[in-house]
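Visitor: how would this look folded up:
(chains A, B and C)
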Amino acid sequence: MGQTDNPVLLSIRGLRIEGRSDETWSEIVKGVDLTLRRGEVLGLIGESGAGKSTIGLAAMGFARDGCRISGGTIDFDGIDLRTAPMAECRALRGKRIAYVAQSAAASFNPAHRLIDQYSEGPVQHGVMSRDQAEHDAKELYRRMHLPTPDEIGFRYPHQVSGGQLQRAMTAMAMACRPDLIIFDEPTTALDVTTQIEVLASIRDIVDQFGTAAIYITHDLAVVAQMADSIKVLLHGEEVEEADTRTMLSHPQEAYTKSLWAVRSLERPEQPPAGPDEVPVVSVRNVTAAYGAVPVLKDVSFDIHSRRTVAVVGESGSGKSTAARVITGLLPPLSGTVMFEGQELPKDYRNRSKDQLRQAQMIYQMADTALNPKHKIREIIGRSVQFYLGLQGRQLTERVRQLLDLIELEPDQFIDRLPSELSGGQKQRIGIARALAAEPRFIICDEVTSALDQLVAEGILKLLNRLQAEFNLAYMFITHDLATVRAIADEVVVMKEGVVVEQGGKTEMFRPPHDPYTELLLSSVPEMDPDWLDRLLAERAAGGAGAGVKSADN
Amino acid sequence: MVNSIWLMIAQRLGLGLVTLFVISLLIFGAVELLPGDIAQEMLGQSATPETVAAFRRELGLDLPAHERYLNWLGGVVQGDFGNSLANGRPITDLIAGRLGNTLFLALYAAAIAVPLALVLGILAALYRNSWFDRAINVFTLSSISFPEFFVAYILIFYLAQSGLFPSIAKITPDATLGEKLYRTFLPALTLTLVVTAHMMRMTRAAIINLLASPYIEMARLKGMSPGRIIVKHALPNALAPIINVVALNLAYLITGVVVVEVVFVYPGLGQLMVDSVSKRDITVVQAASLIFACAYVLLNLTADVLSTLSNPRLVHKR
Amino acid sequence: MDALIGFLTALLWIAAVIVAAAGVAWVFKTVAIALAPAGVAKVLRTAPLTANFGIIVIIVYVTVAILAPLIAPYGEREVVGGEYLPWSTTHLLGTDNLGRDMLTRLIYGARNTVGIAFVTTGLAFALGSILGLLAATVGGWLDQLLSRIVDILMAIPSLIFALLLLTIVGTSVVNMILVIALIDSTRVYRLARAVAMNIVVMDYVEAARLRGEGLWRLIVREILPNASAPLVAEFGLRFCFVFLMISALSFLGLGIQPPTADWGSMVRDNATLITFGDITPLLPAGAIALLTVGVNFVVDWMLHRASGLKE
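Guide: Residues are numbered from 1 along each chain as shown, chains lettered A, B, ... in the order given. Reported below is the predicted structural model:
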């Protein structure tokens, strides 16, 4: 971290950017300053709507359709990108400033091979010949730890996995050895175990070439590994900026402190259920498949009253499928689902109204879980009316009670449409709808993963409170181990349709682990700038899940 | 893995054949659903039962339906469509020259319309929301709203009245190509105007849809020039949608041909069909419908196969 | 040289018409915004001139269609003078091939042609959208069956198919309405199914299914409200297609039959005048074109609004 003496590479002063909605322009970035020295890595962090991607693109003199840079200066190595002619900007992009997008799968052109897309930049910008570029590509693929670096470039994007594509994209950004790279949430779409490898490769290569970088993310632990200093943004304005260690240990502003605090939410494990207590839901030896593709193999677990079972796994592990089997959307090939000791019909269409009422579901995307054309009154009220037969004033009264329960002011919200709510409020309505049925059991499918951290924390606290109040049993599907800490009593770890390990939370977080659990646990980034180094060292020494390959390679 | 793509194409072709078969069944079967008796209806109420019976034998109506279908289909495959109900002449003779004329007109119009529409469509997409684009939008929206005969008569009013072009597209077998092109200029222009508008709007929409993709933004962020972005990044991916747009509009030409042939008294298949409909000459209408439907199915099939071949995801399997 | 002058006058005419149309649309927009309630006025403010023009056209046509007997100077089928009389003060647009008043026939044509097209579209829509929503919601074999049938019906070009069916069942107005409604319902089915397919995968529909809601409520309360915007736009587009198809059939002498006043057959009956340089037969054709242009302008605006600012 000795970049403080290096010359300034990028200097942004009073940057203002406007976005258009409904034919009117409104400011989304409100006067941000930014200084980046050669070889320095700056982390831009903030929740959704903070304007971090927009600022990242502005650093290339670029604004998306529907956005415009309305004020301030962007000085890149003596060139004012706002006033420079189009051709000059174009000559910089890809050559001296490169960009790595969030979704590599969407950002690679499906019609061309990886190596052709790699070579395009250097050849078009006149940096090297096509042959040199190809040779160089293989070299960089090797440095990015891609498997079969000499051949992988000759594949089409759809023939390569997500984590590998993200590394190939980073290699492509490096092609012209730029002075600056903008990383826009490059690992957000990846599983945790894949993320580690991509993070390590990115950091390596940025170090090796001494490239300056702006690293945009919403994940504090990730930015702690990557950046020399961190700038926190909120609603298009800077909250504060400091070097990474200072920022992590001594945040100054209240907003930053609250962001940091979320990470520490942890619920003590509830005492285990007695041996003769009948579980609310019991999944017994379930095997299920989509068509001919098997997705669950002999899965069993129990969920007791007042307890939360977290089902953890990466994408494709079958954790959501388990929920679909319990709800009856996907009838299993074999095995049973029991409710309070009684076997449930396999298909939801054969279940009684009361059986349906007892098991409710809260969805990941609150946006698609609420009918956009129905008012809150109907969304919540329909369950009350349908299951409990309340009408008229009683119905309204009950809906108001439920809104009180989820901490939303009834008068204010009862006649709103979902589009008039924020993400967290929508998720609360989803919870109220589930509660309205007065169930014994609720499935929470990644309910916080689409939310900003502060909002997610509120939801988790609410769920904990409601569980105690109504003796609910929760099945909590998640890929995020921090969420598991915050809410679970028991943990079920799944991989490729099989339960790898299950048990009480305290026990699960303490070694020894099953190797896959170890890999999963060790891959969760921690708020410690040295965490990645330590982990890589441990893995090199044969610990921390080193023996298990991530799903990606 | 090249085999799998040929397998896929073979499947499409097989499906196309099945479709054609079902269509022939439909065209034949629809007549069977007719309430009452064709022979009776053709001859009128005054005909004696003997004449009706004789006529039925002549048409083969005394045979069971499936036998007649097989006979008909067998004939069609060999190019024999049976005889006209109205004048007893073999339908194949009636159709032969006219089919060629119709194809000539359709190809003529397509040869002008396709390149014109693609170029204008791409330009409109490139300069979207500009004045050029807006003007084009209003113009194309208007012309797809015009009935074909409106366009045709306007052209006649302005271009034929003064004697610049003939308003009646007479075609003689011995006419030279140049003569033919001149005489059929107005009908071809009518079709072009109507089809170009449709095709252009769809091309524009397909390209704009594509320009919003993240990989186009990536190309811009790599500092590529606008021309290169269109040619190297957008077009290879736009092939499939564009092929479909072209096929859809060529198929639309088939419908347009019918009306335009009537307006310009052009001796094509469409005019024959319209005449036969008013005479209720069912066998001729069946034959013409089958030919038009075949052309339509073949066009869509070709588009399907071509767009499969242009999709790297399908050509290069994992 | 004549041709050049003809071309130039044509261009002048087009320019004049566009300017006049834009002017009328602008006046309408200003007045409508001033008079309409706040909510409607806000929507209208975003409407381009083309959409305003379309709205005026539709209003005028509907008014003329409803008030036809009051506005028309003569009876619909009344022979009032010689054949092909030129424009005059007694017969503003002259007379047709049988000596009937052209203006009267044009006015009644609004009622007949537009009315019949509207009924046909309504039928096609009811059939196609109900089956399409049902297929998407129920899925499985019902969806497969309906979709394969529609695939086959759509494999025959619509005008050709209409001609074939009309030959079989005979040309009459009722037959034509039924035939076109059937053919067009396949197109509506495709769209309704596609739109509904995007909605049935939504979590709120899954939530309703898991709640135990019946099929009817699923379709009416959960799916239909979210499908209404594209369906309304599709109604406009379908109307244009149906209207043009009916006009084409009538023009070919196979649609609406005489002596009913109808724009398509009016063009056919008086077409000979065009070769003598009389534009009268172009008026009914223009009437058809104007309405379709108007509807298309409005639909275009609605689709643009529905797609948000994606472009």
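Visitor: use CA for all of it now, contacts and neighbours both
Guide: Will do.
Visitor: could you check which helix or strand contains residue 197?
Guide: Defaulting to chain A. Per DSSP states H and E: A:Glu197 is located in helix A:192-209.
Visitor: try chain C instead
Guide: For C:Met197, the enclosing helix or strand under DSSP H and E is helix C:173-200.
Visitor: ditto for B:Pro241
Guide: With DSSP H and E as the test, B:Pro241 turns up in helix B:235-263.
Visitor: ok, and for the helix or strand following that helix, which residues are buried?
Guide: Next helix or strand after helix B:235-263 toward the C-terminus (DSSP H and E): helix B:269-279. Buried residues in helix B:269-279, counting neighbours by 16 or more other CA atoms under 10 Å in any protein chain shown, are found at B:269-278.
Visitor: and the residue of chain A closest to chain C?
Guide: Among the residues of chain A, A:Ala369 lies closest to chain C, at 4.3 Å counting by CA to the nearest CA.
Visitor: residues near that residue, how many?
Guide: 22 (other CA atoms under 10 Å in any protein chain shown).
Visitor: dump the residue contacts of the nearest residue to B:Arg98 once chain neighbours are set aside.
Guide: Distance criterion CA to CA, 6 or more residues apart in numbering or on different chains; nearest residue to B:Arg98, sequence neighbours excluded, is B:Gly268 at 4.3 Å. B:Gly268 is in contact with B:97-102, B:261, counting by CA atoms under 8 Å, 6 or more residues apart in numbering or on different chains.
Visitor: again, only this time at 10 Å
Guide: Residues in contact with B:Gly268, defined by CA atoms under 10 Å, 6 or more residues apart in numbering or on different chains, are B:95-105, B:171, B:257-258, B:260-262.
Visitor: per-residue confidence for it?
Guide: As predicted, B:Gly268 sits at a pLDDT of 90.
Visitor: now the two most distant members of the buried residues of helix B:269-279.
Guide: Across these, the longest distance by CA to CA is 14.6 Å; it joins B:Leu269 and B:Ser278.
Visitor: buried stuff in stretch A:452-463?
Guide: A:452-457, A:459-463.
Visitor: wait, stretch A:8-25
Guide: A:8-13, A:15-19.
Visitor: likewise stretch C:53-60?
Guide: Using 16+ other CA under 10 Å as the burial criterion, the residues of stretch C:53-60 that qualify are C:53-58.
Visitor: list the contacts of that stretch.
Guide: If you take CA under 10 Å, 6+ apart as the criterion, stretch C:53-60 is touched by C:21-29, C:49-52, C:62-65, C:290-299, C:301.
Visitor: mark which of the residues you listed are buried, thanks.
Guide: By 16+ other CA under 10 Å, the contacts of stretch C:53-60 give C:21-22, C:25-26, C:28-29, C:49-52, C:62, C:64-65, C:290-299, C:301 as buried.
Visitor: right, and the helix or strand after the helix or strand of chain B with the lowest mean pLDDT?
Guide: Here the helix or strand of chain B ranked lowest by mean pLDDT, DSSP states H and E is helix B:38-43, holding a mean of 68. Proceeding N to C from helix B:38-43, the next assigned helix or strand is helix B:49-59, under DSSP H and E.
Visitor: elements contacting that next one?
Guide: Helix B:49-59 sits against helix B:38-43, with contacts defined as 3 or more CA pairs under 10 Å, 6 or more residues apart in numbering or on different chains; DSSP states H and E.
Visitor: the lowest-mean-pLDDT helix or strand in chain A: what's the following helix or strand?
Guide: Of all helical and strand segments in chain A, the minimum by mean pLDDT, DSSP H and E falls on helix A:254-262, at a mean of 80. For helix A:254-262, the following helix or strand on the C-terminal side (DSSP H and E) is strand A:281-290.
Visitor: that following strand vs chain C: in contact?
Guide: No: judged by CA under 10 Å from any CA of the partner chain, strand A:281-290 stays clear of chain C, getting no closer than 14.9 Å.
Visitor: elements contacting that strand?
Guide: Contacts defined by 3+ CA pairs under 10 Å, 6+ apart place strand A:281-290 against strand A:293-303, helix A:319-327, strand A:334-339, strand A:342-343, strand A:473-478.
Visitor: and these, which is most packed in?
Guide: strand A:473-478 (a mean of 26; mean count of other CA atoms under 10 Å in any protein chain shown).
Visitor: all the helices of the stretch 351-500 of chain A, in order from the start?
Guide: Assigned helices in the stretch 351-500 of chain A, in chain order: A:353-358, A:366-369, A:376-383, A:392-405, A:410-413, A:423-436, A:453-470, A:481-487 (criterion: DSSP state H, counting those that start in this stretch).
Visitor: count the neighbours of A:Asn471 for me.
Guide: For A:Asn471, the count of nearby residues is 15 (other CA under 10 Å).
Visitor: oops, could you answer that again for C:Arg238 instead?
Guide: By the criterion of other CA under 10 Å, C:Arg238 has 23 neighbours.
Visitor: excluding chain neighbours, what is closest to it?
Guide: Closest residue to C:Arg238 apart from its sequence neighbours, by CA to CA, 6+ apart: C:Thr121 at 6.6 Å.
Visitor: so for the one you found, what's the pLDDT?
Guide: For C:Thr121, the pLDDT comes out at 95.
Visitor: so what's it up against?
Guide: Taking CA under 10 Å, 6+ apart as the test, what C:Thr121 contacts is C:115, C:127, C:177, C:180-182, C:184-185, C:188, C:235-243.
Visitor: after the helix or strand of chain C with the lowest mean pLDDT comes which helix or strand?
Guide: Lowest by mean pLDDT, DSSP H and E among the helices and strands of chain C is helix C:38-45, with a mean of 76. Next helix or strand after helix C:38-45 toward the C-terminus (DSSP H and E): helix C:49-71.
Visitor: angle of that following helix against helix C:38-45?
Guide: Relative orientation of helix C:49-71 and helix C:38-45, computed by axes from the mean of the first three to the mean of the last three CA atoms, to 10 degrees: 110 degrees.
Visitor: break the chain into its domains for me.
Guide: No chain in the question, so chain A it is. As given by automatic domain parsing, the domain ranges for chain A are A:8-251, A:302-508.
Visitor: that's the other chain; I wanted chain B
Guide: B:2-77, B:92-315.
Visitor: return the most buried member of those domains.
Guide: Of these, domain B:92-315 is the most buried (mean count of other CA under 10 Å), at a mean of 20.
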